[in-house]
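Chemist: After the sequence you'll find the predicted model.
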Amino acid sequence: MRPSAAKKFWIETWGCQMNELDTQRMAGQLMQSGMLPTRDVQDADVILLNSCSVREKAENKVFSQLGRYRRFKSDNPDLVIGLCGCVAQQVGETALDRNPDLDFVLGPARVGELGRILDRRRSGERVVATGFPEERHFDIDTISRAGSYKGMVTVIEGCDKNCTFCIVPLTRGPERCRPLEEIVIEVEHLVDYGFLEIELLGQTVNHWRQPGGQWDFADLLDRVARIHGVERLRFVTSYPRDFTPRMVEQFARHPNICPYLHLPVQSGSDRVLKRMGRGYTVGEFGDLVEQLRKARPALALSTDLIVGFPGETEADFQDTVALVEDVGFASIFAFKYSPRPGTAAVHLPDPIDDGTASRRLQELLELQVRIQRNLNEQLVGSEMEVLVTGWAEATQLQSGRTACHRIVHFPAKPTAQPLGSMAPVVIEKANPHSLLARLQ
Ligand code: SF4
C-alpha cells in the first residue's frame, strides 16, 4: 500500500530551452494544485514526457520511456501518464490509439491547460489537446523556477520560416510575439526574485516584433538590457537572416548582453543552404559574423550543422569544414540529417547513405575538438566571472558558466560559492569542452 500523502509528479524533458520552460510551466501548475515533484519516477502519481521531435532518435526515445513507465501502473493503478511537447502535437490521437496506458496528449501550445486536462482525465476522459488556439496565455505566476539559475522568458513562439528539414513550424505553429510591456514585467519580476541572468527565448528570437507596433528585436534588447539588475542577458535562437545593423548596434552598446551567440548556419555550402530553404548565403553569414565580432571582439559563437542532407556532395561537405575552420566556433551542435514526416526535405532526391553521413559527422566533430581546445587554451590565465550553477560532492568541484557560455569547474574550497551567485575565477587549465579554474 502506498502511504497517503501529497501526490507527486515527475517530468522528463527532451529538446530545446522552449521545452525546458514548458516543463517549468507544467511543474508550476502541478505545484499550485498541491502536488510535489519527486526524484524517484516510481514514486510519481503523474508522469509527463515532454518530448522533442526535431530528430527521429529523440522521438524514439520518448516512446521507449513510455513503454518503461507504463509498467508502474501495475503498482499504482491511479498513475496518470501524459505525452507532452512536440511529439504530442505531431502524433496527436494516434498516440492514444497505439498506447492504451497513455492517459492524455498535450501539445506545446496548450501547456497552460494542464490542470483542466488532468481533471478531465480523472473523470474518465482520455484527452487530446493539440493545435494552436487563438488566445495564448503566458501565466508567469505558475512557472516553477526552482533549481534554475537563469530566468527564461518566452518572447516569441512558433516559426513562420519554412526550412525544408524542420518540423518546428508543424509542432509549434505560426509565430506569435508577446507585447514588450508583458516581457518587461516578467523580466523585472525575475530580477526581483534574484535571477542575475535572463534568457529571452524564441524559435527565431530576433524576429520578434511588437504586436501591431513598430518596435523590433533591437528595441526589445535595448529595453531589457536597461532593466536594473539584469547582469547577464542572453537570447536564443537567432536566425541569421533576421539580424539587422540596429540589433548589432545594441549588441555593441550593452555590456550586459553576453558575448555569446548561438547562430545556426546548418551548412557551409550555398547549394545545400538553398535546398534547405534558409534564405542566406555562406558569404552573407560570414559578413554577419564579421559585423558581430567588430561589435564584440570577444564574441563566442556556437552553431547548428546538419551533415548528409539530401544531395550533399563531398565538395559541399568540405565547404562546411572550411566554414567551421574559418569562423572558429566555440561549440557546434552537429547532427546527421534526420528525415521528419511532413517536411519538404523528405521528398528531395539523392539521399546520403548512413555510412557517408556518419563519416562526415565524425570528421566535423574531430575538427571541432581541435578548434575548441585551441580557443580554450587562449583563455588560460584570464580572469572571468562565473554564474555558479552546481557542485559535485565526489570531486568537491563547483561549476558554472562564463558570460561566453563556457563551462568552468573550480574547487569548492576554501569557501563554497552560493548557487546562482557570480564568482570571480582565474582560468588555469583548458579542456576542449570545459575550463578548470581557481577562485580569485
Ligand atoms: S527557422 Fe527554420 S530551423 Fe529554425 S525553427 Fe524555423 S523552420 Fe525550423
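Modeler: The structure has been received and is ready for your questions.
Chemist: Next, count neighbours for the closest residue in space to M422 that isn't next to it in sequence.
Modeler: Nearest residue to M422, sequence neighbours excluded (Cβ to Cβ, 6 or more residues apart in numbering): E385, at 5.0 Å. Just so you know, the C-beta spots here come from the backbone N, C-alpha and C atoms, and that holds for glycine as well. A total of 17 residues lie near E385 under the criterion other Cβ atoms under 10 Å.
Chemist: so is E385 in a helix, a strand, or just coil?
Modeler: Put simply, E385 is strand when judged by DSSP: H, G, I helix; E, B strand; the rest coil.
Chemist: what's across from it in the sheet?
Modeler: P424 (DSSP bridges).
Chemist: so what's it scoring on pLDDT?
Modeler: In this model, E385 is scored at 97, pLDDT.
Chemist: for K413, same thing?
Modeler: K413 is assigned a pLDDT of 77 by the prediction.
Chemist: doesn't Q396 make contact with it?
Modeler: Yes. Under the criterion of Cβ atoms under 8 Å, K413 makes contact with Q396 at 6.5 Å.
Chemist: what do those two both touch?
Modeler: By the contact definition Cβ atoms under 8 Å, 6 or more residues apart in numbering, K413 and Q396 are jointly contacted by no residue.
Chemist: Show me the helices in the stretch 1-150 of the chain, by range?
Modeler: Ranges of helices in the stretch 1-150 of the chain, per DSSP state H, counting those that start in this stretch, are 17-32, 56-69, 85-91, 93-98, 114-122.
Chemist: Please apply the same query to the stretch 301-440 of the chain.
Modeler: Going by DSSP H, counting those that start in this stretch, the stretch 301-440 of the chain shows helices at 314-327, 354-377.
Chemist: Highest mean neighbour count out of the ones you listed?
Modeler: Scoring the helices of the stretch 301-440 of the chain by mean neighbour count under mean count of other Cβ atoms under 10 Å gives helix 314-327 as the most buried, with a mean of 17.
Chemist: Contacts for that one, please.
Modeler: Contacts of helix 314-327 (Cβ under 8 Å, 6+ apart): 265, 267-269, 271-272, 282, 285-286, 289, 301, 303, 305, 307, 332, 360, 363-364, 367-368, 371.
Chemist: Among the helices of the stretch 1-150 of the chain, which comes closest to the ligand?
Modeler: helix 17-32 (9.9 Å; Cβ to the nearest ligand atom).
Chemist: in the closest one, what's buried?
Modeler: Of the residues in helix 17-32, 17-31 count as buried by neighbour count, 16 or more other Cβ atoms under 10 Å.
Chemist: List the residues that contact whichever residue of the stretch 251-400 of the chain sits closest to the ligand.
Modeler: The nearest approach of the stretch 251-400 of the chain to the ligand comes at P264, 6.8 Å away (Cβ to the nearest ligand atom). Contacts for P264 (Cβ under 8 Å, 6+ apart) come out as T237, Y239, P240, T303, D304.
Chemist: Can you tell me which of those is closest to R55?
Modeler: D304 (11.4 Å; Cβ to Cβ).
Chemist: Hmm, M276 and the closest one touching each other?
Modeler: No. Contact between D304 and M276 fails when scored by Cβ under 8 Å: they sit 11.3 Å apart.
Chemist: more crowded one of the two?
Modeler: Each of D304 and M276 has its neighbours counted (other Cβ under 10 Å); M276 has more, 22 against 16.
Chemist: pLDDT wise, what is the more buried one at?
Modeler: For M276, pLDDT reads 98.
Chemist: was I right about it contacting F309?
Modeler: Yes. Between M276 and F309 a contact is recorded at 6.5 Å, counting by Cβ under 8 Å.
Chemist: where does the residue of the stretch 251-400 of the chain closest to the ligand land in three-state SS?
Modeler: coil.
Chemist: sorry, back to before: overlap in contacts of M276 and F309?
Modeler: F165, S267, A345.
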